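Participant: Okay, predicted coordinates and the sequence, questions at the end:
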There are 2 protein chains.
Amino acid sequence: MIRRLDSRSPDFQSQLSALLAFETSQDPQVDLRVAAILADVKTRGDAAVIEYTNRFDGTSAESMADLELTQEELKAAYERLPAEQRDALTAAAERVRRYHERQKMSSWTYEDEDGTLLGQQITALDRVGIYVPGGKAAYPSSVLMNAIPAHVAGVPEIIMVVPTPRGERNDLVLAAAYVAGVSRAFTIGGAQAVGALAYGTQTVPAVDKVTGPGNAYVAAAKRAVFGIVGIDMVAGPSEILVLCDGATDPDWVAIDLFSQAEHDEIAQAILLCPDADYIAQVEASIAKLLPTQPRRAIIEASLSNRGALILVRDLDEACAISNQIAPEHLELQVAEPREWVQKLRHAGAIFMGKFTSESLGDYCAGPNHVLPTARTARFASPLGVYDFQKRSSLIQVSEAGAQKLGRIAAVLAHGEGLTAHANAAEFRLK
Amino acid sequence: MIRRLDSRSPDFQSQLSALLAFETSQDPQVDLRVAAILADVKTRGDAAVIEYTNRFDGTSAESMADLELTQEELKAAYERLPAEQRDALTAAAERVRRYHERQKMSSWTYEDEDGTLLGQQITALDRVGIYVPGGKAAYPSSVLMNAIPAHVAGVPEIIMVVPTPRGERNDLVLAAAYVAGVSRAFTIGGAQAVGALAYGTQTVPAVDKVTGPGNAYVAAAKRAVFGIVGIDMVAGPSEILVLCDGATDPDWVAIDLFSQAEHDEIAQAILLCPDADYIAQVEASIAKLLPTQPRRAIIEASLSNRGALILVRDLDEACAISNQIAPEHLELQVAEPREWVQKLRHAGAIFMGKFTSESLGDYCAGPNHVLPTARTARFASPLGVYDFQKRSSLIQVSEAGAQKLGRIAAVLAHGEGLTAHANAAEFRLK
């Protein structure tokens, strides 16, 4: 069911490319429909949001009040939860908060030898919007992972949007919003929700940045409003790469591959291992465990479509292939993970050692689970506190500094033909 | 010539909105032409790049070798410069490098009470492309401001593209590439250059991120390839906001406004001041100094189109208006700038005190001159070393940690209906 590849085979590189290929380019039809929705929301505000929500989510809202969740409703959902879920949510939030506290940036300044002050002032964003998917699967953990970094950064207003198809609310999602410190929450989704956040409506306040994953319409809408507001990233299907020396229980590796594959028929789960016998054991575990899984149809489709068990020459080659793949989630199931991790250049998150299942990171280890997909870990980072803070450069040139810097700047400005730039420096010369 | 506004006037907010309004939305015609060029470059590689370059830049290249600058050519340009320019370039590069060294991020890890390791591993990008405009004005300072942060971050390969319309090369630009440590340089521009960097061609290596400003075609191309590669931002027209208490020589403020206005007819220069007499003096200085400026036509157009002298009630109100504008460049020409700077939440760079002309920051103060425009300082930062580094989360859960975290994760995963996620945690329980 799942394909097996061998890095020694002469056409391995082309097989790998085919495996990784994923059409990330935009669908022009989706773009056009999204552009129309955004324009309509920009012009008509609340009325357009209500219409699209009723049409796409099968609701019958008459006003925005019908589409807003009050703080009382969020709190009530939290209190309604079984104690076990309430405790798990609180414990997860606490661990996520503690990790993210370490990401907080601080302002700094220094003075050079002329008494000129240079520095960087850090401020939080004023208001952010977090998009929480509500369709196929509603993920309370996504609420924590988006809202807590914003909260830790010091963002005063966090606006959540979460579609509720056919009006079905998810208590865990609402409770997570309560635990994470969401300021306001609207039960809207799709391009209309992104438009409402970017432009503002009579009821939904315009935000400065929109984060969080969504379907193709949400992704297209985020791309379109990028520049008017900030966005985190345009997320693709989820991926896991397990790099294993063959000493982990093969059932554990099989279930870890499943845990990514169960997200989506186009999710990607790959194993790299130098031990052919072990690969066969994992394959047997996959066959054995698959019937136990409620989401086995999705897992099977994902593993056949985009999964692979890859035999490699050794762990060094495995690291090189991993760097080429630049996976969202990377499990490093080897004896000395702290040594091998230094060879890994591109990955959203690295799960080290056999006890670190990726699912622990999804929920409660502490680091964020919003991670760069589709090879973007080559240049992008996990969502973090730094996404909700920004920097302003600070420069206070002393009179002595103005003499020295003014001469340098004037020469270069004249060289660029920008006389006013040169004059501005020259006017400050004694 | 330049409009005067008063914050006390009842329609001030609508006047201010009209002043700041700028059509940032994409032009569908430009998008379509860019999409065609990108698709062609992706398919045909070098051949397409050569054709578009000859067509748009009026060159007659026959092969990519004709469009590549060798390290010897860059070095020769540096050595050809007059000593004064060579020294200014070197001094500016040294100061920019020193400031950016302070932005470098380092990896960190910590262990929690169960012996679980958590952290963040920092790596540099493998290869980046920097776009240097070559049309209306070629800016060597932009080469320094893009390449030096990448170099400081530890990026091994920095690929520069700079169009040379009609084959005209700019020695200062080439010399700046030499000083800044550019690895390879191509005399190509426009959407075809962005496409070559994003997809790679037979000759131009594919990069992981493209930074640097450009015209509408470059901006549209960057937006289109975002996701395949990282991009820094989509830059709009340049802006300066001068916030002055009325104690700076009015000629200095006038020339500072010019220094932004001279970039472009759609650049924006605004003064905020609580002293009406002083505003009149600045207006007189503008009238006096304008005839001395070689670029006076551009300055005059920019000041009439988008400039303003705004009378405010006091400096507190000036700070509030400044936060609303979120300017790219903010001059804080007040007696105690270090106190007032704390009230400023949104600005790309803040130039404090009367000796700090914005032009010093453009060239050599140290901080970057690639800054967020068009109100994006609400969520974006100056270009920096951090744009050329990225983070991977590290998690190594101990056996004890797996028992505690596994129970939390399993509860939440079952709550989300993700059985494989839950099982992956449960398999690690004793």
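Facilitator: Happy to help now that I have it. Residues are numbered from 1 along each chain as shown, chains lettered A, B, ... in the order given.

Participant: Let me know how buried the residue of the stretch 1-150 of chain A found nearest chain B is, in neighbour terms.
Facilitator: When scored by Cβ to the nearest Cβ, the stretch 1-150 of chain A has A:Ala88 as its residue closest to chain B, at 3.9 Å. (Glycine included, C-beta is placed from N, CA and C.) Burial of A:Ala88 is recorded as 25 neighbouring residues (other Cβ atoms under 10 Å in any protein chain shown).

Participant: how about the helix or strand where it lies: buried residues?
Facilitator: For A:Ala88, the element it lies in under DSSP states H and E is helix A:83-101. For helix A:83-101, the neighbour count (16 or more other Cβ atoms under 10 Å in any protein chain shown) marks A:85-86, A:88-89, A:91-93, A:95-97, A:99-100 as buried.

Participant: same question, stretch A:6-26
Facilitator: Result for stretch A:6-26 [16+ other Cβ under 10 Å]: buried residues A:7, A:12, A:15-16, A:19-20, A:26.

Participant: Please tell me how far stretch A:42-62 is from the chain's geometric centre.
Facilitator: Distance, stretch centre to chain centre, for stretch A:42-62: 27 Å (Cα atoms, centre = their mean, to the nearest Å).

Participant: thinking again about what came up before, output the buried residues of helix A:83-101 as CSV; include the columns pLDDT.
Facilitator: What follows is the buried residues of helix A:83-101, written out as CSV (pLDDT from 0 to 100):
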residue, pLDDT
A:Gln85, 97
A:Arg86, 97
A:Ala88, 97
A:Leu89, 97
A:Ala91, 97
A:Ala92, 97
A:Ala93, 98
A:Arg95, 97
A:Val96, 98
A:Arg97, 98
A:Tyr99, 98
A:His100, 98
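
Participant: Show the contacting residues for the residue of the stretch 1-150 of chain A closest to chain B.
Facilitator: Contacts for A:Ala88 were tallied using Cβ atoms under 8 Å, 6 or more residues apart in numbering or on different chains; they are A:364, B:407-408, B:411-412, B:415.

Participant: quick revisit: any idea which of the buried residues of helix A:83-101 is closest to A:Ala335?
Facilitator: Taking Cβ to Cβ as the measure, A:Ala335 lies nearest A:Tyr99 of the buried residues of helix A:83-101, at 25.8 Å.

Participant: Can you spell out which helices and strands pack onto the least confident helix or strand in chain A by mean pLDDT?
Facilitator: Within chain A, confidence by mean pLDDT, DSSP states H and E is lowest for helix A:216-225 among all helices and strands, at a mean of 91. Contacts defined by 3 or more Cβ pairs under 8 Å, 6 or more residues apart in numbering or on different chains; DSSP states H and E place helix A:216-225 against helix A:28-44, helix A:190-199, strand A:230-231.

Participant: ok so, going back, give me the subset of the contacts of A:Ala88 lying in strands.
Facilitator: Within these, no residue falls in strands by DSSP state E.

Participant: Pick out the lowest-pLDDT one from those residues.
Facilitator: The pLDDT minimum for the contacts of A:Ala88 sits at B:Gly415, where the score is 91.

Participant: Once you drop chain neighbours, what's closest to that one?
Facilitator: Using Cβ to Cβ, 6 or more residues apart in numbering or on different chains and skipping the chain neighbours, the partner closest in space to B:Gly415 is A:Leu172 (5.0 Å).

Participant: still on that earlier bit, just the ones of the contacts of A:Ala88 in helices?
Facilitator: B:407-408, B:411-412, B:415 (DSSP state H).

Participant: Could you point out which of those is nearest to A:Ser238?
Facilitator: B:Leu412 (16.7 Å).

Participant: how far does stretch A:86-95 sit from the chain's center?
Facilitator: 20 Å.

Participant: could I get it in CSV with only the CA atoms?
Facilitator: The C-alpha coordinates for stretch A:86-95 follow below in CSV (Å, rounded to 0.1, in the frame of the first residue of the first chain):
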residue,chain,number,x,y,z
ARG,A,86,-10.8,21.0,31.3
ASP,A,87,-7.6,19.9,33.1
ALA,A,88,-5.9,18.8,30.0
LEU,A,89,-6.7,22.1,28.2
THR,A,90,-5.4,24.1,31.2
ALA,A,91,-2.2,22.0,31.5
ALA,A,92,-1.5,22.3,27.8
ALA,A,93,-2.1,26.1,27.8
GLU,A,94,0.2,26.5,30.7
ARG,A,95,3.0,24.5,29.0
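
Participant: can you list the domains in chain A?
Facilitator: Domain assignment for chain A by automatic domain parsing gives A:3-23+A:236-365, A:28-231, A:397-427.

Participant: Dump the ones you listed into a markdown table; add distance to B:Asp114 as well.
Facilitator: Formatted as a markdown table, the domains of chain A follow (distance: least, Cβ to Cβ, whole Å):
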| stretch | distance to B:Asp114 |
| --- | --- |
| domain A:3-23+A:236-365 | 10 |
| domain A:28-231 | 11 |
| domain A:397-427 | 51 |
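
Participant: so which of these is the most packed in?
Facilitator: Highest mean neighbour count among the domains of chain A (mean count of other Cβ atoms under 10 Å in any protein chain shown): domain A:397-427, with a mean of 23.

Participant: Could you work out the end-to-end span of that domain for me?
Facilitator: The first residue of domain A:397-427 is 14 Å away from its last residue (Cα to Cα, to the nearest Å).

Participant: A:Leu69 contacts A:Tyr178, doesn't it?
Facilitator: No. In this structure A:Leu69 lies outside contact range of A:Tyr178 using Cβ atoms under 8 Å: 9.8 Å.
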